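Participant: Make a model of this:
(2 chains)
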Amino acid sequence: MSDITSQSLFELTSNIKEKKLSSEEITKAFINRAERSKKLNVYVTDNFEKAIDQSKKFDSNPNLDFKLPGIPIAVKDLFCTNGVRTTAGSKILNNFVPTYESTVTQNLWSQGAILLGKLNCDEFAMGSSNETSFFGNVQNPVGENLVPGGSSGGSSAAVAANLTPVTIGTDTGGSIRQPASFTGTVGLKPTYGSCSRYGIVAFASSLDQAGPMTKNVRDCSMLLEVISSFDQKDSTSIDYKRNYYSNELTKDIKGKKIGIPKEYRVDNMPDEIEQLWKNGISYAKDCGAEIIDISLPHTNYALPTYYIVAPAEASSNLARYDGVKYGFRSPGQNLIEMYEKTRSEGFGDEVKRRIMIGTYVLSSGYYDAYYLKAQKVRQLIKKDFDDAFSKVDAILTPSTPSSAFKIGEKTNDPVSMYLNDIFTVPINLAGLPGISIPAGKDKNNYPLGLQVIGKPFDEQNILNISYALEDKINFKNDISDWWLSE
Amino acid sequence: MSIDLKTVKHISKLARISIDDEKANKLKGDLNNIFEFIEKLNELDTDNVKALTSIAETTLRFRKDEIKSENIREKILKNSPEENKDFFVVPKVVE
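Facilitator: So this is what the prediction gives:
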């Protein structure tokens, strides 16, 4: 049997079901490795003591019908966890201990999983490098001083470094898929309305979705099956029949029509990404898929649209952090001064920048010119996809325009940081499912990802295509454990 | 169009975030860069396009108006920044 922490979710659940491993053994193995991995800074809050107790409790009376029997899992610190501090990577929630549980995490525990701890992320999920977190940078296990992507950077690093078998992140403009691409892992953003947003710290409510981040496609299908559910507590949750994604997973994608959008061939895209994409296309052909050239003409307008819609929604959502009912408070002479000082001291620079953008585009006299304009362009972007999906079953693109960059490289230029999300943002605007799978490496040996985009609620299809491609690509993440201490 | 310092200060007032002059100047630069990037949308004619307000295309569900949780006062007050048994405490509002 291979080392416990390097096993996939599928292997771990099989080993538990066959009684080859106990939940306690597995839980302790991940905790032990975490204790020696502090340099990566993936944890904001650990739940190790309680996790060991829960693993013993599971072993004393194991329910092997569960889908995640006694499996320890760390989650992004954007999910409210009952009785366990939830910070959203922000000083303003530094002392916040929820008294309720998010629906997606509850779905994990209801299937036997055990909370290992809460993983670092960009503040309020606003960032593409995990550098905006109040709790500091996360190191990408792929290489020292390399960003793990963001905003689910602690999550991507934790999966790649074998600190959790799988995890869940959230994705508003690429925050699952971009970090997955940067760390050589798999990340899926489901269709809007597939996973409940109840109990997730809100960033941009019309775009936010939770999703699985895993070592491989099969694990991804297993986790999606658990977290996707209809929920009365989220008014945008959609009631539809969900697949048994892991049971229905197949590599047979013969005859599937896969679209290649010419607009994703952007200026200054490195040759190696162009090559990666070509390889992906030829693998898809090898699997019997039909390749069709398509056009998504409004692709270039997606980022500007996103940088109106997302900050506008964020400025409204984050109005609740006023120091009155929970979170950080900075005292003032009067109520207004208390609000202003609390928010000024409690939020970091990127969050303030986005609140300012959002406040401006929603302010009197500018609403039509910016917010309404963006909503109209969003309609055009969605229509591009509707048109494309009348001809194809799925779309294949690169996940990101570059591989992971150095810590500090882009922090002084917000616009260049935003450009990281050029291939992922349109999918959120259109509410579609998208998955990033590791597909190769660049000249520095850093991982690169390919993205498969599907029709609404067609997660099964993009999982199947990814499963078939994964087999052909045969990606190996050679991570040296350089950060491990004694 | 460019955003001046006066506008930055006005927005910060609306957003209830106090900022000093140095920060305001830095933000002015950042916001202008970002808005220059956003101006690209003006290339598109959207006169006859319907705004997309919700991706889910569903109407909101109705539910029975019933009480589902009881005695949650303690839970609600648990994270309150200033200790008080029954209320949230804020600076004096009425003189």
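Participant: Report the buried residues of stretch A:24-44.
Facilitator: The neighbour-count check on stretch A:24-44 (16 or more other C-beta atoms under 10 Å in any protein chain shown) flags A:24, A:26-31, A:33-34, A:37, A:40-44 as buried. In short, each C-beta sits where N, CA and C put it, glycine included.
Participant: can you tell me which of the residues you listed are in strands?
Facilitator: Using DSSP state E, the members of the buried residues of stretch A:24-44 that fall in strands are A:43-44.
Participant: check contacts around A:Lys406.
Facilitator: A:145-147 (C-beta atoms under 8 Å, 6 or more residues apart in numbering or on different chains).
Participant: now swap in A:Pro311 and tell me
Facilitator: A:204, A:354-355, A:357-358, A:361.
Participant: again, only using 7 Å
Facilitator: A:354, A:357-358, A:361 (C-beta atoms under 7 Å, 6 or more residues apart in numbering or on different chains).
Participant: And A:Phe389, by the same measure?
Facilitator: Counting by C-beta under 7 Å, 6+ apart, the residues that A:Phe389 touches are A:Lys455.
Participant: Please enumerate the helices of chain B.
Facilitator: For chain B, applying DSSP state H gives helices covering B:5-14, B:21-38, B:73-77.
Participant: So which bits of the stretch 1-150 of chain A are right by chain B?
Facilitator: Contact residues (C-beta under 7 Å from any C-beta of the partner chain) of the stretch 1-150 of chain A with chain B: A:96-97, A:99.
Participant: Sorry, wrong one. I was asking about the stretch 351-486 of chain A.
Facilitator: A:352-353, A:355-357, A:359-360, A:363, A:372-380, A:382, A:414-415, A:431.
Participant: so what's residue 43 closest to, chain neighbours aside?
Facilitator: I'll assume chain A. The shortest distance from A:Tyr43 to any non-neighbouring residue, by C-beta to C-beta, 6 or more residues apart in numbering or on different chains, is to A:Gly117 (5.0 Å).
Participant: that's the other chain; I wanted chain B
Facilitator: A:Tyr301 (8.0 Å).
Participant: So the one you found belongs to a helix, correct?
Facilitator: Yes: with DSSP: H, G, I helix; E, B strand; the rest coil as the criterion, A:Tyr301 is part of a helix.
Participant: neighbours around it, how many?
Facilitator: As a burial measure, A:Tyr301 scores 21 neighbours (other C-beta atoms under 10 Å in any protein chain shown).
Participant: returning to that earlier point: A:Gly288: which of the residues of the stretch 1-150 of chain A next to chain B is nearest?
Facilitator: A:Phe96 (51.0 Å; C-beta to C-beta).
Participant: Local confidence estimate at the closest one?
Facilitator: You'll see A:Phe96 listed with a pLDDT of 97.
Participant: tell me which element it falls in.
Facilitator: Under DSSP states H and E, no helix or strand contains A:Phe96.
Participant: and it, how many neighbours does it have?
Facilitator: There are 19 residues near A:Phe96, going by other C-beta under 10 Å.
Participant: could you pull out the strands for the stretch 201-350 of chain A?
Facilitator: A:209-214, A:257-261, A:290-294 (DSSP state E, counting those that start in this stretch).
Participant: now the nearest residue to A:Gly408 once chain neighbours are set aside: how far from chain B?
Facilitator: Here the nearest residue to A:Gly408 in space, its sequence neighbours aside, is A:Glu131; by C-beta to C-beta, 6+ apart that works out to 7.6 Å. Noted for A:Glu131: a distance of 16 Å to chain B, by C-beta to the nearest C-beta, to the nearest Å.
Participant: which residues touch A:Glu131?
Facilitator: A:137, A:147, A:407, A:411.
Participant: ok, those residues vs A:Ser155, which is closest?
Facilitator: For these, the nearest to A:Ser155 is A:Val147 (13.4 Å; C-beta to C-beta).
Participant: surely the closest one meets A:Asn140?
Facilitator: Yes: using C-beta atoms under 7 Å, A:Val147 is in contact with A:Asn140, at 6.0 Å.
Participant: what touches both of the two?
Facilitator: Both A:Val147 and A:Asn140 are in contact with A:182, A:404, where contact means C-beta under 7 Å, 6+ apart.
Participant: Residue most distant from the centroid, chain A?
Facilitator: The C-alpha centroid of chain A is most remote from A:Gln333, which lies 41.1 Å away (C-alpha atoms, centre = their mean).
Participant: so what's the spatially most central residue of chain B up against?
Facilitator: For chain B, B:Ala15 is the residue whose C-alpha lies nearest the centre (C-alpha atoms, centre = their mean; 7.0 Å). With contact set as C-beta under 7 Å, 6+ apart, B:Ala15 has these partners: A:315, A:355-356, A:359.
Participant: quick one: buried residues of stretch B:53-62?
Facilitator: Applying 16+ other C-beta under 10 Å to stretch B:53-62 flags B:55-56 as buried.
Participant: near chain A, which residues of chain B show up?
Facilitator: So chain B meets chain A at B:11-12, B:14-19, B:27, B:30-31, B:33-34, B:37-38, B:40-41, B:44, B:46, B:49-56, B:58, B:60-61, B:63, B:75, B:78-81, B:88, B:90-91, B:93 (C-beta under 7 Å from any C-beta).
Participant: Quick check: PyMOL command selecting the buried ones in those residues.
Facilitator: Here is the PyMOL command that selects the buried residues among those (16+ other C-beta under 10 Å):
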select buried, chain B and resi 11+12+14+15+16+17+18+19+27+30+31+34+37+38+41+46+49+52+55+56+80+81+90
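Participant: mind saving the C-alpha coords of stretch A:471-486 as PDB?
Facilitator: Output of stretch A:471-486 as PDB, limited to C-alpha atoms (Å, rounded to 0.1, in the frame of the first residue of the first chain):
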ATOM      1  CA  ASP A 471      -6.000   9.000 -19.200                       C
ATOM      2  CA  LYS A 472      -4.300  10.100 -22.400                       C
ATOM      3  CA  ILE A 473      -2.400  13.000 -20.800                       C
ATOM      4  CA  ASN A 474      -1.100  10.800 -18.000                       C
ATOM      5  CA  PHE A 475       0.100  13.900 -16.000                       C
ATOM      6  CA  LYS A 476       2.600  13.300 -13.100                       C
ATOM      7  CA  ASN A 477       3.100  16.100 -10.600                       C
ATOM      8  CA  ASP A 478       6.700  15.800  -9.400                       C
ATOM      9  CA  ILE A 479       6.600  17.600  -6.100                       C
ATOM     10  CA  SER A 480       9.800  17.200  -4.000                       C
ATOM     11  CA  ASP A 481       8.400  17.800  -0.500                       C
ATOM     12  CA  TRP A 482      11.000  20.700  -0.200                       C
ATOM     13  CA  TRP A 483       9.000  22.400   2.600                       C
ATOM     14  CA  LEU A 484       8.800  19.500   5.000                       C
ATOM     15  CA  SER A 485      10.300  20.000   8.500                       C
ATOM     16  CA  GLU A 486      11.400  17.300  10.900                       C
END
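Participant: contacting residues around A:Lys391?
Facilitator: A:257, A:259, A:292, A:294.
Participant: now do A:Phe230
Facilitator: Going by C-beta under 7 Å, 6+ apart, the list of residues near A:Phe230 reads A:237-239.
Participant: I'm done for today, thanks for sticking with me.
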